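>>> using only what follows, build the 3D model:
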Amino acid sequence: MLRPATSFSLLLILTSAALEAADWPRFRGADGNASAASANVPLTWSGTENMAWKTEIPGNGASSATVFSGHVYLTSFTGYGLDPDDPGSREDLQQHVLCFDLVNGKLLWNKSTKASESEQEATRRVADHGFATGTPVCDELGVYAYFGVSGLVAYDHEGNLLWQAETGDNTVGFGSAASPILYHDLVIMNASIEANTVFAFNRSSGKEVWRIENVHKSWTTPLVATSAEGREELIVSYKEHVRGFDPDTGNELWHCVGVQDYVVPCVVVNDGIAYVIGGRKNQSMAIRLGGNGDVTESHGIWDTNIGANVTSPVYHEGLLYWISDRGIANCSDATTGESIYRERVSTSDRVYASTLLAGNRMYLTTRDNGVFAVALGPEYHELAHNVIDGDDSSFNATPAVIGDQLLFRTNQYLYCIGAK
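A predicted model of the protein is given here:
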């Protein structure tokens, strides 16, 4: 049952339109493109320089921070799988939604739900990123977080549970990864791993509105984008397919041949063109939105054998940038797909965090060697290398931008980088 709106919730409803531009409400920002070109975030930082605040996180996780109306939201897990050498009992696994004050990092509330009995065992492969990988999405009603086979959960901004929804109980190897997105009154969730299905739920009640079935081997977060003709399209990338749907109904608009392997990276859209990457052998392609039926020949622009297996790209002024999970910084021509540079970044581990564009530079987050600031343009040029001493936990999450500050989390801390 839904709770009556409190005064705080009413205030959020009245002010959400004005605050929207200043928020970072979902994975990779409001439009899903991980770009904040007007932000003036710091180039360098350390444990003392440009550190507005840091807060110890209760539990581990690989999800990114999201921000709505002065609150920072994050997920984590406790009780099981924190130490792969001594994981503990799976029955003790709890999955948390956390709310912090953006001004000072104070933990405002911590709500947890018991994990599903279908959750995977904490093998080293699963413990590599854990049981809290999906980034929550926020709006004026509350925050929506996804925990794979443990389902989708919704809280209001005071931490009251609104509803829960199940999305399937299948597990595959690496675990869950996709994050929920919002479209009008819908929460859209790619549960390809859990049920080979994309679901849409009513954001107020949690009731299912529509579903798209037969979506296989896709760990990616979907994207709603606008074609050159002004039509809104839900883009879903999965093994061997890219498809566009009407986000109101879930009905298919178009389809084309996609990455010939499982898909993890997010689709990026600019000026009605979708850029798709993925696959262990790496592949990338460009597809013009706005088609109908099979658009492989009519709307496919280019297809190349470079890309990334896990991480997502950003677009800026005709160029695509990304760091691959193998630690290779890439730049490609968005018009032709031609590779402009491929440079190795100083890391000895896989890279899971996606590239962030903030101000006039990119931020490349490694798991084991801090964050590299890299110049935009057709030549690779490192501007800074930022490491925080005293935190040797994994940097799995993609940073978020709020105003002129950066938010990023490790397994140990949530950091706010910028002026206090």
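>>> thought His255 was touching Asp294, still the case?
Yes. Counting by CB atoms under 8 Å, His255 is a contact partner of Asp294 at 6.1 Å. C-beta here means a position set from N, CA and C on the backbone, and glycine is covered the same way.
>>> neighbour count: the two, which is higher?
His255 (18 against 12; other CB atoms under 10 Å).
>>> how about the more buried one, what does it touch?
Going by CB atoms under 8 Å, 6 or more residues apart in numbering, His255 touches His241, Val242, Arg243, Gly244, Gly293, Asp294, Val295.
>>> list the contacts of the last one.
Under the criterion of CB under 8 Å, 6+ apart, the neighbours of Val295 are Trp254, His255, Cys256, Ile287, Arg288.
>>> where's it relative to Asp248, distance?
Taking CB to CB, to the nearest Å as the measure, Val295 falls 20 Å from Asp248.
>>> same check, this time on the fifth one
In this structure, Gly293 and Asp248 are separated by 19 Å, where distance is defined by CB to CB.
>>> looking at those two, which one has more neighbours?
Of the pair Gly293 and Asp248, Asp248 is the one with more neighbours under other CB under 10 Å, namely 15 against 11.
>>> kindly check the end-to-end length of stretch 236-253 for me.
Using CA to CA, to the nearest Å, the end-to-end distance of stretch 236-253 comes to 12 Å.
>>> show the residue spans covered by the strands in the stretch 301-420 of the chain.
Using DSSP state E, counting those that start in this stretch, the strands of the stretch 301-420 of the chain run over 314-316, 319-323, 328-333, 339-344, 356-358, 361-365, 371-375, 382-386, 400-402, 405-409, 413-417.
>>> okay if I get those as TSV plus mean pLDDT?
As requested, the strands of the stretch 301-420 of the chain are exported to TSV (pLDDT from 0 to 100):
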stretch	mean pLDDT
strand 314-316	97
strand 319-323	97
strand 328-333	97
strand 339-344	96
strand 356-358	97
strand 361-365	96
strand 371-375	96
strand 382-386	96
strand 400-402	97
strand 405-409	95
strand 413-417	97
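>>> so which of the ones you listed comes closest to Ile301?
Minimum separation from Ile301 across the strands of the stretch 301-420 of the chain (CB to CB) falls at strand 328-333, 11.5 Å.
>>> in the stretch 251-400 of the chain, which spans are helices?
For the stretch 251-400 of the chain, the helices defined by DSSP state H, counting those that start in this stretch occupy 296-299.
>>> mind checking how far the closest residue in space to Glu317 that isn't next to it in sequence is from Asn309?
In this structure, Glu317 finds its nearest non-sequential neighbour in Leu376, 7.6 Å apart by CB to CB, 6 or more residues apart in numbering. Here the criterion is CB to CB. By it, Leu376 lies 24 Å from Asn309.
>>> pLDDT at the closest residue to Phe131 other than its chain neighbours, what is it?
Counting by CB to CB, 6+ apart, Phe131 lies nearest to Phe77, which is 4.1 Å off, once chain neighbours are set aside. pLDDT recorded at Phe77 is 97.
>>> secondary structure element for Phe77?
For Phe77, the element it lies in under DSSP states H and E is strand 71-78.
>>> what are the buried residues along the next helix or strand after that strand?
Scanning forward in sequence from strand 71-78 by DSSP H and E, the next helix or strand is strand 94-101. Across strand 94-101, burial judged by 16 or more other CB atoms under 10 Å covers Gln94, Gln95, His96, Val97, Leu98, Cys99, Phe100.
>>> may I have the beta-bridge partners of the first one?
For Gln94, the residues forming beta bridges with it (DSSP bridges) are Thr78, Lys114.
>>> what residues does it make contact with?
Applying CB under 8 Å, 6+ apart to Gln94 gives the contacts Gly59, Phe77, Thr78, Gly79, Ser112, Thr113, Lys114, Ala115.
>>> burial count for the residue nearest to Thr365 when sequence neighbours are not counted?
Of all residues not flanking Thr365 in the chain, Ala353 sits nearest, at 3.7 Å (CB to CB, 6+ apart). When neighbours are counted by other CB under 10 Å, Ala353 registers 25.
>>> with the one 4 residues further on instead?
The number of residues packed around Leu357, counting by other CB under 10 Å, is 22.
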